[in-house]
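A.B. asks: Build the 3D model from these lines:
(one chain, ligands or ions: 1)
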Amino acid sequence: MNSFLGLPPEFTAPERSWAWVLPVPYESTVSYEGGTRKGPAAIIEASAQVELYDPILDAEPALEYGVHTLPALPPNHASPEAMVADVARAVEACARPDRLLVVVGGEHTISVGVVRGLVRAFGGELAVVVVDAHSDLRDEYEGSRYSHACASRRMLDEGVEVLFQVGVRAISKEEAAFIRANPERLRVWFADEVHTTPLELLLADLEARLAGRRLFLSLDVDGLDPSIVPATGTPEPGGLTWHQALAIVRTLARVAHVVAVDCVELAPREGLHMAEFAAARLLYHAMNAIWHHRGAPSP
Ligand SMILES: [Mn+2]
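C.D. replies: Sure thing, here's the model as predicted:
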């Protein structure tokens, strides 16, 4: 696998890199259109075209913090549970308070393994923000409790204290009832609300609920509008705009202690390479904002 952002070797050595990228080309439980196993390679390839200069920071941050790209985690097709366990082991092995882990999927199921690995590495007290068109709160889907359609429900089972979802616009009756029944652990900003409420109110709510918390940010690309990322397994109209997504990411970077980010559900399509480029660009923006608010890399 190429290096994220196409950085030359002097900026990618593991010991000097603050950001570690873990590709997880796993796809098993997708329910509509497939292809997420090709997501990591497409995003990493597209990332080489991302401009390193960040106009907000007036710097080329990646050259300062360093980005190490790990070998892809081999898919485990024994079962989704087995894959989640593999992801958890890999994440636990790389997670550190002074490092940012960036997991590139793959289907959303892998995020459950990220949560488990982070809880093991840091000992709980984890908040999660999921940008997603789907609330993924079903207890079971098509016979599997580890379907990508159950990802957020399983993250709660792993002990996540607060789960904050943004951009949701497709849920089942069962999921709506689950949301109403769990107001203390679950906060859902539906896409409708995001589009009809001043953005400042959403950002203030993020800050109020997540300030100072250890945080995992899970970016399901279908949370964005399909005009930005058309290449995804289960697209839904009416998603977040590019600038709403950036504002959310910047707010989280400022108020919380973000220890990991993932980007899942990209399914590359011929002729729609704007999708993987947008994913790579969003990840780099998140990395820069998080780095800016966390200060210098580890010694
Ligand atoms: Mn989704």
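A.B. asks: For the rest of this, base every contact and every neighbour count on C-alpha atoms.
C.D. replies: OK.
A.B. asks: which parts of the longest helix seen in the chain are buried?
C.D. replies: Criterion DSSP state H: the longest helix present in the chain is helix 274-294. Of the residues in helix 274-294, 274-294 count as buried by neighbour count, 16 or more other CA atoms under 10 Å.
A.B. asks: Could I get the phi/psi values of Val129?
C.D. replies: Per-residue torsions, Val129: phi -110, psi 130 (degrees, to the nearest 10).
A.B. asks: what does Leu246 give?
C.D. replies: With angles defined as degrees, to the nearest 10, Leu246 sits at phi -60, psi -40.
A.B. asks: And for Asp220?
C.D. replies: Dihedral angles (degrees, to the nearest 10) for Asp220: phi -80, psi 120.
A.B. asks: Find the residue closest to Phe4 in space, skipping its chain neighbours.
C.D. replies: Spatially, and ignoring its direct neighbours in sequence, Phe4 is nearest to Ile44 (5.2 Å; CA to CA, 6 or more residues apart in numbering).
A.B. asks: Flag the shaky bits of this protein, pLDDT-wise.
C.D. replies: 1, 30-32, 295-299 (pLDDT under 70).
A.B. asks: which residues in it form strands?
C.D. replies: Using DSSP state E, the strands found in the chain span residues 19-24, 67-69, 100-105, 126-131, 162-168, 186-190, 214-220, 257-264.
A.B. asks: out of those strands, deepest packed?
C.D. replies: Comparing the strands of the chain by mean neighbour count (mean count of other CA atoms under 10 Å), strand 100-105 ranks first with a mean of 28.
A.B. asks: does the ion sit close to stretch 122-131?
C.D. replies: No - Stretch 122-131 stays clear of the ion (CA under 5 Å from the ion), getting no nearer than 8.2 Å.
A.B. asks: Just give me how far that stretch sits from the chain centre.
C.D. replies: Using CA atoms, centre = their mean, to the nearest Å, the mean C-alpha position of stretch 122-131 is found 12 Å from that of the whole chain.
A.B. asks: Name the residues of the chain found near the ion, please.
C.D. replies: Counting by CA under 5 Å from the ion, the chain sits next to the ion at 132-134.
A.B. asks: Let's have those in CSV, adding neighbour count.
C.D. replies: What follows is the residues of the chain next to the ion, written out as CSV (neighbours: other CA atoms under 10 Å):
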residue, neighbour count
Asp132, 29
Ala133, 28
His134, 28
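A.B. asks: which among those residues gets closest to Pro40?
C.D. replies: Proximity of the residues of the chain next to the ion to Pro40 (CA to CA) peaks at Asp132, which lies at 18.1 Å.
A.B. asks: tell me the contacts of that closest one?
C.D. replies: Neighbour list for Asp132: 165-168, 219-224 [criterion: CA atoms under 8 Å, 6 or more residues apart in numbering].
A.B. asks: Just the CA coordinates for stretch 202-217, please, in CSV.
C.D. replies: These are the backbone C-alpha positions of stretch 202-217, laid out as CSV (Å, rounded to 0.1, in the frame of the first residue of the first chain):
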residue,chain,number,x,y,z
LEU,A,202,-25.1,22.2,16.4
LEU,A,203,-21.5,23.2,17.1
ALA,A,204,-22.5,24.5,20.6
ASP,A,205,-24.3,21.2,21.3
LEU,A,206,-21.2,19.2,20.3
GLU,A,207,-19.1,21.4,22.6
ALA,A,208,-21.5,21.1,25.5
ARG,A,209,-21.6,17.3,25.3
LEU,A,210,-18.1,16.5,24.3
ALA,A,211,-15.8,19.1,25.7
GLY,A,212,-12.7,17.6,27.3
ARG,A,213,-13.7,14.0,26.4
ARG,A,214,-11.6,11.3,24.8
LEU,A,215,-13.1,11.0,21.4
PHE,A,216,-13.3,8.7,18.4
LEU,A,217,-14.7,10.4,15.2
